[in-house]
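> Here's my sequence, what's the structure:
(one chain, ligands or ions: 1)
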Amino acid sequence: MENKFAKWGLKGQKEATVTIRDILETIKKQVKKDDEKPMIHLGHGDPSAYSCFRTTPVAEEAVNRALRSAKFNGYAPAAGLPESRRAVAEFLSKDLPYKLSEEDIFITAGAAHAIELILTVLARPGANILLPRPGYPSYEAHSTFLDQEVRNFDLLPEKGWEIDLDGVEALADDNTVAMVVINPGNPSGSVFTPEHLQKIAETAKRLGIVLISDEVYYDLVFGGNKFVPMGVFGSVTPVVSLGTMSKRWLVPGWRLGWIALSDPNGILKRTGITDCIKKYRNISPDSTTLIQGAIPEILEKTPKDFISNIVVLLREAAEACYSNIIEIPYLDSPQKPEGAMSTMVKLNLDMLEGIEDDMDFCLRLAKEESVLVLPGSVLGLKNWLRISFATDVASLEEGLQRIKAFCLRHSNMIM
Ligand SMILES: *Cc1c(COP(=O)(O)O)cnc(C)c1O
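Model prediction:
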């Protein structure tokens, strides 16, 4: 039969993109409504679902004050309110060997928007971008929509998830525009040493590519390594860092993030990248003016113990997560998480009867145990799982016990 729509000649071209949201929706459909076994979500990175992860009253009051002042009901300049840009510059400069100015900061609608903005600005016909594997799928999905070729370099589990820098050099060519680093690591939970960060910066410099540093977890670290922002190496190579209120202040719904240009040598300016960011920012949607109005007070007044308390909660959760996982012989955990809100574990499928792969594992786990975890294949690592631990410890332990029960039920080992 003749296709009556053929004359339109249209086709959704990008059906190949996968996002965490899509996959979790699919897995969630398997969960049975069961009051005995309420669903435990170890799949996403939204801590605000748990009452122990509530933002500081300082932030709530700042938004309240901004609202009542009636000063933030209009449009903000495209790059953000000057006072908000200045406040972010000051906040970030505390950890840098030089000062950022208001001009170096662009306010965005969360880090997700910052990702879109910088990838769009750098895209050009024939270009390619280097992304980590395992990684954060938004980068790849945007690149697909931009017709930007993606080349994946490996993070090495046996080396604390450090970047395989020889692999990076081998992948890059004259059409490579940028590489992405996520530190503290999502999904790996790793925190890079200053020595490794310096090597990364030197590699980017040698290749003449932009170094995009996703630092949405910033100082939410709880292992041996202190968090060092990539901008510290801005004089080695220009660094575009991405930040957000979502994770550090536990308010992903507020949609406020930023791009910070750490480029004391002015390379991004000279090459026209800075101008292009300004132009694209002019035509892309804004973060709400209200939250922008609150950010100076939030950054200035957030008490230190608010952050240290979140770090304590995350450390406890990470330890509970790791100690439960190493008790489950069907899962291998190469490293105890040291930062951020998730960890990667490898599935020993040889020991499990009739489970095909990571996706099959996650679907059946949701169906039988009402526990959601993310299959590693979404992140580029087949037959691994990403477990998010930004939950209260009781739910986390219950979730891991159910994973253990599930594995035992499907075991082919004689125990
Ligand atoms: C959560 C997250 C983002 C997105 O942050 P939003 O500010 O909520 O848009 C970006 N990158 C990584 C690695 C994340 O974990």
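> nearest spatial neighbour of residue 205, skipping sequence neighbours?
residue 237 (3.9 Å; C-beta to C-beta, 6 or more residues apart in numbering). C-beta: built from backbone N, CA, C; applies to glycine.
> what does residue 239 give?
residue 262 (4.2 Å).
> neighbours around that neighbour, how many?
25 (other C-beta atoms under 10 Å).
> Could you number the chain from 167 rather than 1 from now on?
OK, 167 is where the count begins now, so the last one is residue 428.
> What residues does the stretch 217-366 of the chain have near the ligand?
276, 277, 278, 302, 348, 352 (C-beta under 6 Å from any ligand atom).
> which two in those are spaced the farthest apart?
276 and 348 (15.3 Å; C-beta to C-beta).
> Low-confidence regions, this protein specifically.
167-173, 179-182, 580-581 (pLDDT under 70).
> counting contacts, what elements does the host helix or strand of residue 308 pack onto?
According to DSSP states H and E, residue 308 maps onto helix 303-311. Where contact means 3 or more C-beta pairs under 8 Å, 6 or more residues apart in numbering; DSSP states H and E, helix 303-311 is packed against helix 276-288, strand 294-299, strand 315-322.
> Longest helix in the protein, please.
Longest helix in the chain by number of residues (criterion: DSSP state H): helix 470-491.
> Return the residues in contact with the residue nearest to residue 405.
Residues counted as contacts of residue 428 (C-beta atoms under 8 Å, 6 or more residues apart in numbering) are 262, 266, 270, 395, 396, 397, 400, 404, 405, 406, 407.
> Would you mind checking those residues for buried ones?
Among the contacts of residue 428, those buried by neighbour count (16 or more other C-beta atoms under 10 Å) are 262, 266, 270, 395, 396, 397, 400, 404, 405, 406, 407.
> If we ignore the residues flanking it in sequence, what's nearest the first one?
It refers to residue 262. residue 397 (5.1 Å).
> pretty sure the one you found is touching residue 409, no?
No: look at residue 397 against residue 409 with C-beta atoms under 8 Å: they stay out of range, at 10.3 Å.
> what residues are shared contacts of those two?
With C-beta under 8 Å, 6+ apart as the test, residue 397 and residue 409 both reach 258, 426.
> how about the helices in this protein?
186-194, 223-235, 248-259, 276-288, 303-311, 331-337, 360-373, 433-436, 439-449, 455-467, 470-491, 524-535, 559-575.
> how does this protein divide into domains?
Here the domain parsing of the chain from automatic domain parsing is 186-220+471-575, 223-467.
> if we can go back for a sec, okay, residue 276 and residue 348: which has more neighbours?
residue 348 (26 against 22).
> Surely the more buried one touches residue 380?
Yes: using C-beta under 8 Å, residue 348 makes contact with residue 380 at a distance of 4.3 Å.
> Contact residues of the stretch 417-566 of the chain facing the ligand?
Residues of the stretch 417-566 of the chain lying near the ligand (C-beta under 6 Å from any ligand atom): 418, 423.
> thinking again about what came up before, with respect to the ligand, which of the contacts of residue 428 is nearest?
residue 407 (11.5 Å; C-beta to the nearest ligand atom).
> ok, what's across the strand from that closest one?
Note on residue 407: beta-bridge partners residue 379, residue 426, judged by DSSP bridges.
> residues in contact with it?
Here residue 407 is in contact with 258, 378, 379, 380, 381, 395, 396, 397, 425, 426, 428 (criterion: C-beta under 8 Å, 6+ apart).
> what number of residues lie near the residue nearest to residue 315 when sequence neighbours are not counted?
Take residue 315 and drop its neighbours on the chain: the residue closest to it by C-beta to C-beta, 6+ apart is residue 294, 3.9 Å away. Burial of residue 294 is recorded as 19 neighbouring residues (other C-beta under 10 Å).
> can you pull the contacts of residue 294?
Residue 294 makes contacts with 314, 315, 316, 317, 339, 341, 342, 343, as judged by C-beta under 8 Å, 6+ apart.
> Save the residues you listed as JSON lines, and put in neighbour count too.
Below are these laid out as JSON lines (neighbours: other C-beta atoms under 10 Å):
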{"residue": "314", "neighbour count": "22"}
{"residue": "315", "neighbour count": "13"}
{"residue": "316", "neighbour count": "17"}
{"residue": "317", "neighbour count": "17"}
{"residue": "339", "neighbour count": "9"}
{"residue": "341", "neighbour count": "12"}
{"residue": "342", "neighbour count": "20"}
{"residue": "343", "neighbour count": "20"}
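> what's the angle between the helix holding residue 308 and helix 276-288?
30 degrees (axes from the mean of the first three to the mean of the last three C-alpha atoms, to 10 degrees).
> returning to that earlier point: from residue 269, how far out is the residue nearest to residue 405?
Separation of residue 428 from residue 269 (C-beta to C-beta, to the nearest Å): 12 Å.
> cool, and residue 517?
To residue 269, residue 517 is 56 Å away according to C-beta to C-beta.
> got it, and residue 569?
49 Å.
> Neighbour count: these two, which is higher?
In terms of neighbours (other C-beta under 10 Å), residue 569 is the more surrounded of residue 569 and residue 269; the figures are 25 against 15.
> Test my guess that that one contacts residue 494.
Yes: using C-beta under 8 Å, residue 569 is in contact with residue 494, at 6.7 Å.
> Now for residue 210: which residues touch it?
For residue 210, the contact set (C-beta under 8 Å, 6+ apart) comprises 186, 190, 538, 540, 554.
> The fourth one - how many residues pack around it?
Translated: residue 540. Residue 540, neighbours per other C-beta under 10 Å, totals 26.
> Excluding chain neighbours, give the residue nearest to it in space.
The shortest distance from residue 540 to any non-neighbouring residue, by C-beta to C-beta, 6+ apart, is to residue 552 (4.2 Å).
> what's the answer for the last one, then?
Ranked by C-beta to C-beta, 6+ apart and with sequence neighbours excluded, the top spatial neighbour of residue 554 is residue 508, at 4.5 Å.
> Could you do the first one as well?
Counting by C-beta to C-beta, 6+ apart, the nearest residue to residue 186 once its immediate chain neighbours are dropped is residue 303, at 5.8 Å.
> can you tell me how far the one you found sits from residue 283?
17 Å.
> Same check on residue 346?
Remark: distance between residue 346 and residue 283 (C-beta to C-beta) = 14 Å.
> Same check on residue 500?
Computed as C-beta to C-beta, the residue 500 to residue 283 distance reads 34 Å.
> And residue 214, by the same measure?
As judged by C-beta to C-beta, residue 214 and residue 283 stand 24 Å apart.
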